[in-house]
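Q: structural data only, the sequence is not supplied:
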């Protein structure tokens, strides 16, 4: 019971703790987003971490270059000095050196560290893990594996009581975009790569992506997480997508597959297999629906069964989100000692009634099949300030084709019905409900057949 | 730096700690799986938790009923006594009482607790959170929201530096199965529910599922997690699927949608909206691909963008996986104090070369279009003990239709080509590579056009 008493005392101290000093190494696409979020979400972060997070410096190569959202007074070229005066160090500079030396220096100085550096972790992760372990500090790297997608915590913690058998990942957005374009536009590889470059999805030199180097680094980290074993990068079998032809992609579709570049980590009785190569994935598989720059990691575990984690694998803001999640965890451990997540109900937000929710409706009506009905219906919606996204007319449930409600035609059968399918733009649920009630009152509306909300569009 | 020193000392003590005593409340579908995994994964769990996890008792109503995988000597009806002598208490009995009283008693006695009880958390979560907070113990409930799907950690921790705007969840497997069957088989609601009951996917009284009560409880928990605010269950707007007709489902398909029962939690400037209702979801949305008994939760966050978590939302083993992940986390906090996850490389597994991986191939060949070629090709595969799953013949890339390689025909044009698409069963990558080399040597094979691995099938 002593540990609990310690935790409690630590938590009480925490409340009175001064701010934690955060050092940021690098101010590129990710770093500037981290700096921005540290400012814009200051209060939420403090509430969640149990102490304010104060950015005390940003190490850059050239302080004369202005950085979006970063106070110029915080810029410094003295990264070594900076890490020595921080409680928490965030490394988003990339590359092996000086990132490794700076992280080791920070750890030795007693700071907890957060890194998004997959190349470094794949190259020399065990050195960093061991250093953090010896120093008794946290080393977090959620952003290094799949950008914004929470993967390290789920695999290391949520699945800690399970046994992972296999991990299949679409972990490189550039190649996924290229293969997608080949499939949907019929482009060949060169054309698709050029298009990706033009849109900024691929580097001028696309080697790291198309040859699978980026995916291999992620595969090494994923495998070591999933199987708690060390996976040197040079032992990851790697094939890129350069041999994939438009013909391959077309044939994949004809046989019910899509081509994906997969990072695969498998555990069998004989050992662990880690590889990256293009593969045919059945269109019914959840990974087949991962399009464009999105990433996803599919996990097969003994007890949990099949799991998938989906989201943005790259980009400044998504990666910064993962970095900040780690930063809050590391801060929380400093402040609260052995405690789990802090009590989650610190906010006291008003709860809105369902009628206040903004939503879209799809309303199906049976209407009289005569000219002018659509105008009447449209007028009823406009009166309630609900705008129409689409109207579709169709045969009624009883099967007769009808057209006159939308397109006036000569001759009128007063008993004929048309079926109108109206999709609205967003409005409050209350406004939509009132609109539907008004539609039901119209002479020309025989029946409101169905009202369903539309979500996720 | 004092906190770190404390953590280090605590970690050192941890190494010498005796086993942690685990009490299990309930031995139903989930409880018996928890007991089974505590035994079968004993060593892995000890390595990950930092101490052995010893099951000291299982509280049941009737000790004379044998429980699969549970030592009868561990069964007891004295749940109160059991929780008083445990370090970690797992509650999988369900219902409000006596679960609530037992958890509060366990917390008061200084135990960390893990529960899978969504009804209790939705009903009275804040009381439990506050009690755990006061006592300085952990309260984990990953299994209560979406079964095996890691969601609590990602939302509470990985996204702790971000702002969640909206959560859309397919969180009830029964209704998802029912709506799926309506869509694919054209059944009406009653027929689909009866089918679900016959297969054991729905209860004899399906009210809790089809009326949305189960989803509403999960929505309340999800909203409180996502927005750090209290959401009383009675303020969740709830509509079930009983009004959804076969016609609605058919029309959804015609307009590019599927019908899903969604749990929705949204944060706007005005406040938080939490609701459960059927909705049309565009077929292109990741939630549209969540079929049958699978669950998924789609999260929109300010910086991270769109994320989705997918997996089994119910069932004994999947739920037990989530419970054990929580149990390991709680144990780790007891043993290691303020430390993050233990160093992940405790295993030292052999790394296999890619050639040892079991995989399937799709091989495309240009072959001479004459009788007997398929027999030759099939023979080459059989010699390498690679069995064929499917062969498909098609016009060659140059466009000519060919058929004779598969179905002998009269007359032979020695220059005509056929295109064979062969999908193999699983074999080692090495055997498949050798087979492809042998195929390339055949007189009748003009060209090996493409070799791609098939994964995820």
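A: That came through, no problem. Quick caveat, the model's predicted, so the values are computed rather than measured.
Q: residue A:184 sits in which helix or strand?
A: helix A:173-185 (DSSP states H and E).
Q: pull out the buried residues from that helix.
A: Buried positions in helix A:173-185, judged by neighbour count with 16 or more other C-beta atoms under 10 Å in any protein chain shown: A:173, A:174, A:175, A:176, A:177, A:178, A:179, A:180, A:181, A:182, A:183. C-beta here means a position set from N, CA and C on the backbone, and glycine is covered the same way.
Q: contacts with chain B among those residues, please.
A: Restricting the buried residues of helix A:173-185 to those within reach of chain B (C-beta under 8 Å from any C-beta of the partner chain) leaves nothing.
Q: which residues touch the nearest residue to residue A:282 once chain neighbours are set aside?
A: In space, and not counting its chain neighbours, residue A:282 is closest to residue B:457: 5.1 Å by C-beta to C-beta, 6 or more residues apart in numbering or on different chains. Contacts for residue B:457 (C-beta atoms under 8 Å, 6 or more residues apart in numbering or on different chains) come out as A:281, A:282, A:285, B:360.
Q: the last one - how many residues pack around it?
A: By other C-beta atoms under 10 Å in any protein chain shown, the residues close to residue B:360 number 19.
Q: whichever strand or helix holds it near chain A anywhere?
A: Using DSSP H and E, residue B:360 sits within strand B:358-368. Yes: residues of strand B:358-368 are located near chain A by C-beta under 8 Å from any C-beta, namely B:358, B:362, B:364.
Q: hmm, the first one is touching residue B:430, no?
A: It stands for residue B:358. No: Residue B:358 is not in contact with residue B:430 according to C-beta atoms under 8 Å; the separation is 10.4 Å.
Q: mutual contacts of those two, please.
A: Here residue B:358 and residue B:430 share no contacting residue, scored by C-beta under 8 Å, 6+ apart.
Q: can you give me the pLDDT of residue A:58?
A: Note for residue A:58: predicted pLDDT of 96.
Q: next, the buried residues of the helix or strand containing it.
A: Using DSSP H and E, residue A:58 falls within strand A:53-59. Using 16+ other C-beta under 10 Å as the test for burial, strand A:53-59 gives A:53, A:54, A:55, A:56, A:57, A:58, A:59.
Q: could you give the bridge partners of the last one?
A: Yep, that's residue A:59 we're talking about. Beta-bridge partners for residue A:59, by DSSP bridges, are residue A:25, residue A:76.
Q: avg pLDDT for the helix or strand harbouring residue A:324?
A: Residue A:324 belongs to helix A:316-336 when elements are defined using DSSP H and E. The predicted model gives helix A:316-336 an average pLDDT of 91.
Q: repeat that for stretch A:239-256.
A: Rounded mean pLDDT across stretch A:239-256 is 93.
Q: is it in proximity to chain B?
A: Yes: counting by C-beta under 8 Å from any C-beta, chain B has neighbours in stretch A:239-256: A:244, A:245, A:247, A:248, A:251, A:252, A:254, A:255.
Q: where does the residue in the stretch 101-250 of chain A positioned nearest to chain B land in three-state SS?
A: Of all residues in the stretch 101-250 of chain A, residue A:161 sits closest to chain B, at 2.2 Å by C-beta to the nearest C-beta. Residue A:161 carries the three-state label coil when classified by DSSP: H, G, I helix; E, B strand; the rest coil.
Q: do the same with the one 5 residues further on
A: Three states are possible here, and by three-state DSSP the one that applies to residue A:166 is strand.
Q: now do the contacts for it.
A: By C-beta under 8 Å, 6+ apart, the contact set of residue A:166 is A:264, A:265, A:266, A:267, A:299, A:300.
Q: ok, now with 6 Å
A: Listed by C-beta atoms under 6 Å, 6 or more residues apart in numbering or on different chains, the contact partners of residue A:166 are A:266, A:300.
Q: distance of it from residue B:95?
A: Distance, residue A:166 to residue B:95, using C-beta to C-beta, to the nearest Å: 37 Å.
Q: quickly note the distance from residue A:271 to chain B.
A: Taking C-beta to the nearest C-beta, to the nearest Å as the measure, residue A:271 falls 3 Å from chain B.
Q: quick one, what contacts that residue?
A: Contact analysis of residue A:271 by C-beta under 6 Å, 6+ apart lists B:349, B:350, B:352.
Q: narrow those residues to just the buried residues.
A: Among those, those buried by neighbour count (16+ other C-beta under 10 Å) are B:349, B:352.
Q: tell me, which of the contacts of residue A:271 make contact with chain A?
A: Counting by C-beta under 6 Å from any C-beta of the partner chain, B:349, B:350, B:352 from those sit close to chain A.
Q: neighbours around residue A:390, how many?
A: Residues within reach of residue A:390, counting by other C-beta under 10 Å, total 11.
Q: ok, it touching residue A:423?
A: Yes: look at residue A:390 against residue A:423 with C-beta atoms under 6 Å: they come within range, at 4.6 Å.
Q: which residue comes closest to whatever residue of the stretch 301-450 of chain A ends up closest to chain B once chain neighbours are left out?
A: Proximity of the stretch 301-450 of chain A to chain B (C-beta to the nearest C-beta) peaks at residue A:324, 2.2 Å away. Nearest non-adjacent residue to residue A:324, counting by C-beta to C-beta, 6+ apart: residue B:161, 2.2 Å away.
Q: returning to that earlier point: of the contacts of residue A:271, closest to residue A:229?
A: If you rank the contacts of residue A:271 by distance to residue A:229 using C-beta to C-beta, residue B:349 comes first, at 4.3 Å.
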